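Novice: quick one, fold the following:
(2 chains)
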Amino acid sequence: MLSVLQKTIRPVQVARGVHQSAVQVLKQPGPEDTVTGSFGRFISEIQPQHLSPVVFQRSKRMVLDSIGVSLIGSTTDVFELALQHCQTHSMDFDDTWHPATHPSGAVLPAVLALSDMMPASCKPSGLDFLLAFNVGIEIQGRLMRFSNEARNIPKRFHPPTVVGPMGSAAASARILSLNPSQCSHALAIAASLAGAPMANAATQCKPLHIGNASRLGLEAALLASRGLEASHLVLDAVAGVAGFNAFYEDYVPQPLDSPHDGHAFLLEEQDMGFKRFPAHLGMHWVADAAASVHKLLVGVGPGKVFTDQVQDILLRVPLSKYINRPFPESEHEARHSFQFNACSALLDGEVTVQSFTPAAMSRPELHALLSRVRLEHPHDNPANFNLMYGEVQVTLVGGDILRGRCDTFYGHWRNPLTIESLRKKFRSNAEVVLPSEKVERLVEVVDKLDRLGDCKDLLSQLQ
Amino acid sequence: MNWRRFIFQTPLGITESFGAAIHALSASQLTDGVINRSKRMMLDTLGVGLLGTRTAVFNKALKYSQLLTSEHRSSIWGRSEISLPPYYAAFVNGIAVHSMDFDDTWHPATHPSGAVLPALLALVETLPSRPSGLDLLLAFNVGIEVQGRLMRFSREAYNIPERFHPPSVVGVMGSAAASAKLLGLSPSQCSHALAIAASSAGAPLANAATQTKPLHIGNAARRGLEAALLAQMGLEGNPAILDMDSGLGVYYNDYSPSAMPVCASGDFRWILEDQDVAFKRIPAHLAMHWLVDAALEARAELQETAWTFDLSQIQRVTLRVPPSKYINCPLPTTEHQARHSFQFNACSALLDNKVTVASFDQARINRPALKELLSKVEMETPADNQPSFDKMYCEVQIETAQGQSCTARCNTFYGHWRKPLSQEDLVEKFSANASSVLCTEGVEGVIDVVENIEKVTEGSVLGSYLRMTSNTHEQMYLTRIL
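Specialist: Now for the predicted structure:
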C-alpha cells in the first residue's frame, strides 16, 4: 500500500534535512529529492488511466453539484458585487471534504475558465477536463494530510484559502500541460497567495475566499507557464524559513510517488459530503436532529409548531466559536449558526434555501424559539466532521422532554446522497437561472463527461 | 438592537478606530517632518520602480496582465505605449518596485512604500474626482501609518521574519487604507476595506530570495486597492478583523492590538515622524548593507597596510552576522539568491571594491574568481548580534596567506534611519535609476512634482512623467532577449 511506502521514505527525508542544516552543503537539493518536486512531477505526469471508476463517479457528482450551486449562487448580492467566479461559495452550499475544506469550488471555475480560454481547435476533451479537476482535488487532499491541525474545525486560517489556491494551481497547471518544474513553481507561486483568517468566515467576504482560491491558483499557473519561478522547497519543511508550513502549527510533508505504477486517489477512500441546504456543514447535524423533534411535535397531522409549547431548547454540539451565534443578523451569520438552523428545522421540519431569506429570518416565532436556546459542548463531541454529532432536546411547557439525535446526516460521506437526490438538488438550483432544456442537457453532459470528445459541450450549456 | 455587542461584548473598538482614523485624518495634520520624509520615500520608490521595469520578473507579470482588458486604464511606469486596468497597473508597478530589492525598509521590518504608492498612482488616474497632489500625499501617509501601527501589535514583528514575509501581511492593509482614503470612503467602509484586505494577506517567507518575492509587493498593492474598491461597492467583512486573534492575529504568534486615536482635528503623531525609513544604496536585502560597508572598510585597511596586496592572497574571510536562514546562501545561482546572500555581497565588495546594480548580473554571479572567493568564506553568528534591523551589526575579517588580518565592523550603514542619505544622494540615486528608462524631461519632471507635491493640483500628472520614456531605451529594451 502506498502509505507503507511513504512511511519508509519519510525517515530518510528527515535525516537529510538535519544533515543539510548541520553542515552547509553547497549543493542544493534537486527536484527528485524534495516533496515540492514530487508534487510537480505528479501533476505533470498523471494520466487518465490512473482514474478509477469510483473516482470517476464521485468526481462527476462533485462537478454536477458545484455547477448547480454556482448557478443559484449567481442570484445573490455578493455575486453582483464580485462578478467573477465567486458564485460557487456565495451561499455556503458547496461540497465539503474530510479533512475539512470546500474542494470543488476552488478548482472547477479555474478549469472551466481555462478551457473556455483555449482556442476552439484545441479545447481539452471531457476526460482531460475531468483529470485536471481530479488533480486539483487530490493535491488539496494530500496537502491537508500534512497536518493534524487540519482534521478539526479550523480556528486560524480558512482551509479553502490555504489548500484551495494550491488545488486550483495544480488543476490549472495540468490543463495547461505544464512540465514538472513549471507545475512545482505554480504551486510555489500559489502559496504566496494562500491564507485568509477565519474571522472573515460568516461574513459576506467568505465567498470571496473560494473565488480568490480559484482565480489566484489559475493565475499562479499562468505565471508559471510564462517562466516565473518561486521557491523549489515551498512544500518542504526548512527550519528558519517557512514555506507552506507557515499556515500550520504542526507540519509533516510527504512526497507524492511518481504515478507510473498506478496511483490511488484520495477521493477513492474518502468520499465527499454534499449539502442539502446552504449552510455550514455543522448545521446539517442539528437540522436533522431538530427535524426529527419537529415530527414528534406535530404528530401525524399537518403540523404547525406552537412556540408557546416550548419552554427550553438544548443543543448538544461541538465547541466552535464561529458557528455559535444565538441571534444572527445577516444571512451569512445565519448560515453559521447552530441555534438558527436548529430552530428553523424545529419550526418548519427542514432547512431549505428559503430559510435564509429576510422574511424567513425575521419571523417572530423564530425569534421566540431562538431566545429559548442554550448550548452544551459534551466532551465526546469533538469539532471534527468525521466524529461529531448533533443533539436537540426540547422541553415542553408541560414538562415533557423530546429528543432528537443525528450522528450522520443524509449527504455526509458516510451516508451519501443518492444520484436522484443529487440531481434533484442540481435541478432546483439550476432552474433558478437556466431554462429546463439546458438544465437537463447539463445533467447529461456531466454524466458523460469522461466520454466527451470536446468539453465545449459543457461550456456552451453554462452560458 | 445590536445583539453582538450585547451578548458577546466583543471589543469592536480597534478595527472601528482604524476605520474612523482613515476616514478622518486630514492634510492639515501632516507635519513638515512627515511631509519631508514621505516625499523622499515617494521619490526613491519611483526610481527603483522605473529601474525595475527592465527586469525579467516585471516583463513576465506585464505579459500576463495584458490578458485583461477594461475601459479604465492607468500608466505603466517606464512604458509609453501600454496602459492597464488600475488593478493590474498596481500589480506590475508594485512588482517593479520590489524586483531588485532596492526599495525602502522600515522598522519594524517591512517595505512600506512599494505596497502603497503603485496602488495610489493607479487609482489617481482613474478617479473622476481628480485628486490633488496633497490628497495623494495624505493617502500615502495614511497607508504608511496603518502599516506602522499594525506591526506594533506584535513583538515578533521586530525581528527579521521567519514565517510570513511582512510586506505581504501589513502591505496589503496599508494599500487598502491608502486606497480607501483616496476614494473618500466612510469610516465603516474603511474598516471593511481592512477586513477584506486581511483575507488577501500573508505569503510565506520561502518565496523570498526567489523571482516571486517581488510579487509580494505587487500583490499587496493591487489587492489592497481591490479591497477598497470592493468596500466601496458595499462588500463587508468582519468589522472586528484587527481585534481578533482569528483575524489579523493569525499571522502572528503574539498579538496585542490597540486602537488608533480618533483625530478629526488637532495634532496627530505620525509614526514616520519618530521612526524614519532606510533607503538602500545597493539592490539587495537590507542586512547586506552593513556587511558591504564592513567589507569595503576591511579591504581598504588591508590595501593600506600591505604594499602589494592582491585578492589571491586572501586565505579566509570570516563574516560575523545575525542569524537568519533566508539570507545565508553560500553559493547563489540566481540574482534573487545573490541579493539575499551575506556571502555573495561580502565577496562582491572585496572583488570589485563596490557593490552596485551591475553586481547582480548573471555574468557577474557566475565569475570563477567570485566562486573561488566564496569558497573561502566562513560565517559566525555571535550571540550579541540580534536579528533586528535596529540592533544588528556586521563584521568582516580578512586573513591573508602572509598572516595578515584586518577586521572592520559596521554598526550603522549610510542610508540607515540612524544615518539617513542626504537629499542630494537620494536624488542622485533616483536620477541614476530613472534615467535608465526615462528621458531627461521625465526624470526632472518627477523630481519636480514630488518635491512640490502638496501644491500640485492634479495628482495624475505624475503618471504622465512616468511614461516619458527615452525612445532609444524603450526600443533597445524591446529588442533585447529576456
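Novice: buried ones in stretch B:128-139?
Specialist: B:131-139 (16 or more other Cβ atoms under 10 Å in any protein chain shown). For the C-beta atoms, the positions are set from N, CA and C on the backbone; glycine is no exception.
Novice: among those, which lie within helices?
Specialist: Those of the buried residues of stretch B:128-139 mapping onto helices are B:133-139, per DSSP state H.
Novice: what's the closest of those to chain A?
Specialist: Using Cβ to the nearest Cβ, B:Ala139 comes nearest to chain A of those, at 23.1 Å.
Novice: contacts only, for that closest one.
Specialist: By Cβ atoms under 8 Å, 6 or more residues apart in numbering or on different chains, the contact list for B:Ala139 reads B:120, B:131, B:178-179, B:181-182.
Novice: quick one: secondary structure of the residue lying farthest from the centre of chain A?
Specialist: Distance to the chain centre peaks in chain A at A:Gly398, reaching 43.4 Å (criterion: Cα atoms, centre = their mean). When classified by DSSP: H, G, I helix; E, B strand; the rest coil, A:Gly398 comes out as coil.
Novice: next up, the contacts around it.
Specialist: So A:Gly398 contacts nothing (Cβ under 8 Å, 6+ apart).
Novice: returning to what we had before: now render the ones in helices among the buried residues of stretch B:128-139 as a markdown table, adding distance to B:Tyr255.
Specialist: Output for those, formatted as a markdown table (distance: Cβ to Cβ, whole Å):
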| residue | distance to B:Tyr255 |
| --- | --- |
| B:Gly133 | 37 |
| B:Leu134 | 35 |
| B:Asp135 | 33 |
| B:Leu136 | 32 |
| B:Leu137 | 31 |
| B:Leu138 | 29 |
| B:Ala139 | 27 |
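Novice: need the phi and psi values for the residue farthest from the centre of chain A.
Specialist: As for A:Gly398, its main-chain torsions (degrees, to the nearest 10) stand at phi -70, psi -10.
Novice: if I look at it, how far off is A:Val310?
Specialist: Going from A:Gly398 to A:Val310 by Cβ to Cβ, to the nearest Å gives 11 Å.
Novice: ok, B:Leu150 next?
Specialist: B:Leu150 sits at a distance of 47 Å from A:Val310 (criterion: Cβ to Cβ).
Novice: before we move on, what about B:Asn238?
Specialist: From B:Asn238 to A:Val310 the distance is 32 Å (Cβ to Cβ).
Novice: got it, and B:Ala56?
Specialist: Remark: distance between B:Ala56 and A:Val310 (Cβ to Cβ) = 68 Å.
Novice: give me the more crowded residue out of these two.
Specialist: Per other Cβ atoms under 10 Å in any protein chain shown, whichever of B:Ala56 and A:Val310 has more neighbours is A:Val310, with 23 against 14.
Novice: surely that one meets A:Val397?
Specialist: Yes: at 7.3 Å, A:Val310 counts as touching A:Val397 under the criterion of Cβ atoms under 8 Å.
Novice: low pLDDT regions in the stretch 51-200 of chain A?
Specialist: Within the stretch 51-200 of chain A, the stretches with pLDDT under 70 are A:56, A:64-65, A:67-91.
Novice: tell me which other helices or strands the helix or strand B:Gly49 falls within touches.
Specialist: Element membership for B:Gly49 (DSSP states H and E) is helix B:32-52. For helix B:32-52, the packing partners by 3 or more Cβ pairs under 8 Å, 6 or more residues apart in numbering or on different chains; DSSP states H and E come out as helix B:86-98, helix B:112-124, helix B:133-151, helix B:271-274, helix B:423-434, helix B:440-451, helix B:461-466.
Novice: and the ones you listed as JSON lines, adding mean pLDDT?
Specialist: JSON lines is the format used below for those (pLDDT from 0 to 100):
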{"stretch": "helix B:86-98", "mean pLDDT": "92"}
{"stretch": "helix B:112-124", "mean pLDDT": "95"}
{"stretch": "helix B:133-151", "mean pLDDT": "92"}
{"stretch": "helix B:271-274", "mean pLDDT": "89"}
{"stretch": "helix B:423-434", "mean pLDDT": "91"}
{"stretch": "helix B:440-451", "mean pLDDT": "93"}
{"stretch": "helix B:461-466", "mean pLDDT": "93"}
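Novice: noted, bye for now.
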